[in-house]
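In: Kindly generate the corresponding structure for this input.
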Amino acid sequence: MRWPRSLFGRLLLLSVLATATALAVAGWTISGVLARAATRGLDDRLDARLVLLTDRVRADGTLDLAGVQRLPGVESGWAWSVRSPDGRIWTSGGTLAFAPLPLPPFLHGNRPRPAEGWDAAGRPVHARLVEVATSAGAVSITAAAPRHLAERPIRTALLPLLLCLLLLGAALGAAALVQLRLGLRPLRDLREALAQVRAGILARVPGEQPVELSPLADEINALLDLNEAGLAQARGHVANLAHGLKTPLAALAVRLEEPGRDPDRALRALVERADARVRHHLGRARTAAGRTARGAIALEPLARDLVDVLARIHLERAIKVEVAVPPDLFVRIDAEDASEMLGNLLDNSWRFAASLVLITSRVEGKLVRIEVEDDGPGLTDAEIAAAMRPGQRLDERCEGHGFGLPIARELAELSGGSLELGRGARGGLKVTLFLPRTECGAVFANRADGQLSS
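Out: Model (predicted):
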């Protein structure tokens, strides 16, 4: 037999086996007690007849028949027989055949002993045997009764007994289910707490746990603290590296601005490309380090904040922006990553749109589908493939380094989502961004910057 994989299944199986075994033992024990009680009652009645027959045995080993005429005979199923030392037999009628049962040592002597046999009609009978000492020798006396007199009460009592045992088993099974549900509920609560930690809803597992689970919760929280410390250290290293690289690049860019240093500005372009690559790879390292520390971001206020910022940056372009994002839609991602991704996508659409940029979103399973669409010239299939390569610029007339879309795609993939390019219904570029969805519930308040806090 294969054990179930779940603790609930294993405990339930053990409970069912233990309950069935206990009920079987209880039923066997009770039926045995009932059988002994019913047989003992019949033995008492037979012993009473043995006493009466013993009193009618004379000293010479003969039987006083006048005193035993009132005993029931074979017609009612009861029977008796007396054997004298010289072989004479007195019976109530018919022939009895007995198979005396083995006797323990303490029953030897003049005490009655049980026997099983058959009457003249072949019906099973229960008998009691006793020997009486006389001057002529030992006289054997037997009293018998139909076996069904002892079995009938047992059969009558067994049906209610079985019903009671079945009801008891059902009650014990229901009690076991309730016990398992209540007993394993802390494990389900702990699993839900871990899911909320992974979704960024909770920072730590609640410390109020049962005694058996409290050490596990402490170890989980210690691991979370260790990861948080490692994340802070990684961010510190990233910041130091960024500062160490950007300062020389900035100094080099200043030197190149001197007259005669870079007449064709080719070196200046290389410095800008190197600076963009530094920002690209440092952003990727920061995102990879922060994958375990995602927050819950309200998408609608974040999109509107970015639209307000970009509207001031592109003030010279009269672009209409429509935001169709549900206010109760949340994504599980770091706030900086979300701002960088949506900011890059909106900035690209703003640059190439003719008059309109549309932002829409909806839920698809465990992901949120975000679409940024414009009515610009759009891209061909070849241009879409080229646009996803780092450093590739499709329009040299615009400022930038060509890292916006690749960074957005990598941030989305590191967050558990994806990014796709295509042609929209208005003929322009449509960027589809998939991000993990989360539900925050009433324990979170929406801040102005779109980040959620408890």
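
In: Next, count neighbours for Arg332.
Out: 24 (other CB atoms under 10 Å). No exception for glycine: its C-beta is placed from N, CA and C like everyone else's.

In: I figured it was touching Leu367, is that so?
Out: No: contact criterion CB atoms under 8 Å: Arg332 and Leu367 do not qualify, at 10.1 Å.

In: what residues are shared contacts of those two?
Out: The contact sets of Arg332 and Leu367 overlap at Leu435, Pro436, Arg437 (CB atoms under 8 Å, 6 or more residues apart in numbering).

In: Going by neighbour count, which of those residues comes out on top?
Out: Most crowded among those, counting by other CB under 10 Å, is Leu435 at 27 neighbours.

In: isn't there a helix covering that one?
Out: No: under DSSP: H, G, I helix; E, B strand; the rest coil, Leu435 falls outside any helix and is assigned strand.

In: and whichever strand or helix holds Ala37, what does it pack onto?
Out: Per DSSP states H and E, Ala37 falls inside helix 7-55. Identification of packing neighbours for helix 7-55 by 3 or more CB pairs under 8 Å, 6 or more residues apart in numbering; DSSP states H and E yields strand 79-83, strand 124-134, strand 137-146, helix 148-198.

In: closest to Ala20 out of those?
Out: In terms of CB to CB, the element of the helices and strands packed on helix 7-55 nearest to Ala20 is helix 148-198, at 7.3 Å.

In: Mind checking the pLDDT average for the closest one?
Out: Mean pLDDT, helix 148-198: 85.

In: switch to numbering from 21
Out: Understood, numbering begins at 21; the last thing we discussed is helix 168-218.

In: Counting by contacts, list what that helix packs against.
Out: Going by 3+ CB pairs under 8 Å, 6+ apart, helix 168-218 lies up against helix 27-75, strand 144-154, helix 234-276.

In: most tightly surrounded among the ones you listed?
Out: Of all those, strand 144-154 carries the top mean neighbour count, a mean of 19, counting by mean count of other CB atoms under 10 Å.

In: pLDDT-wise, which helix or strand of this protein ranks last?
Out: Counting by mean pLDDT, DSSP states H and E, the weakest-scoring helix or strand in the chain turns out to be strand 465-466, with a mean of 36.

In: May I have the helix or strand harbouring Pro134 as PDB, with CA atoms only?
Out: Using DSSP H and E, Pro134 sits within strand 133-138. The C-alpha trace of strand 133-138 is given here as PDB (Å, rounded to 0.1, in the frame of the first residue of the first chain):
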ATOM      1  CA  ARG A 133     -18.800 -29.500  33.200                       C
ATOM      2  CA  PRO A 134     -20.100 -28.400  29.800                       C
ATOM      3  CA  ALA A 135     -20.600 -30.500  26.800                       C
ATOM      4  CA  GLU A 136     -22.000 -30.100  23.200                       C
ATOM      5  CA  GLY A 137     -24.000 -32.700  21.400                       C
ATOM      6  CA  TRP A 138     -27.100 -33.700  19.500                       C
END
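
In: Distance check, Asp295 against Ala318.
Out: Per CB to CB, to the nearest Å, Asp295 is found 32 Å from Ala318.

In: let me fix that: Gly396
Out: Taken as CB to CB, the span from Gly396 to Ala318 is 29 Å.

In: go on, Gly193?
Out: Distance from Gly193 to Ala318, by CB to CB: 48 Å.

In: Compare those two and say which is more crowded by neighbours.
Out: Per other CB under 10 Å, whichever of Gly193 and Ala318 has more neighbours is Ala318, with 23 against 15.

In: Please report phi then psi for the more buried one.
Out: Main-chain torsions, Ala318, degrees, to the nearest 10: phi -80, psi 120.

In: Verify the stated contact: it with Phe350.
Out: Yes: the pair Ala318 / Phe350 is scored as a contact, 5.8 Å apart, by CB under 8 Å.

In: The closest residue in space to Thr452 that isn't next to it in sequence: helix or strand, and which one exactly?
Out: Leaving aside its sequence neighbours, Thr452 sits nearest to Glu440 (CB to CB, 6 or more residues apart in numbering; 4.4 Å). Per DSSP H and E, Glu440 falls inside strand 438-443.

In: which other residues reach that strand?
Out: Applying CB under 8 Å, 6+ apart, the external contacts of strand 438-443 come out as 398-399, 404, 407-408, 425, 428-429, 432-433, 449-454.

In: The same query, at a cut-off of 7 Å, please.
Out: The contact list for strand 438-443 (CB atoms under 7 Å, 6 or more residues apart in numbering) reads 398-399, 404, 407, 428-429, 432, 449-454.

In: same deal with stretch 36-53?
Out: Residues contacting stretch 36-53 (CB under 7 Å, 6+ apart): Ile174, Leu178, Leu181, Leu185, Leu188, Gly189, Leu192, Gly193.
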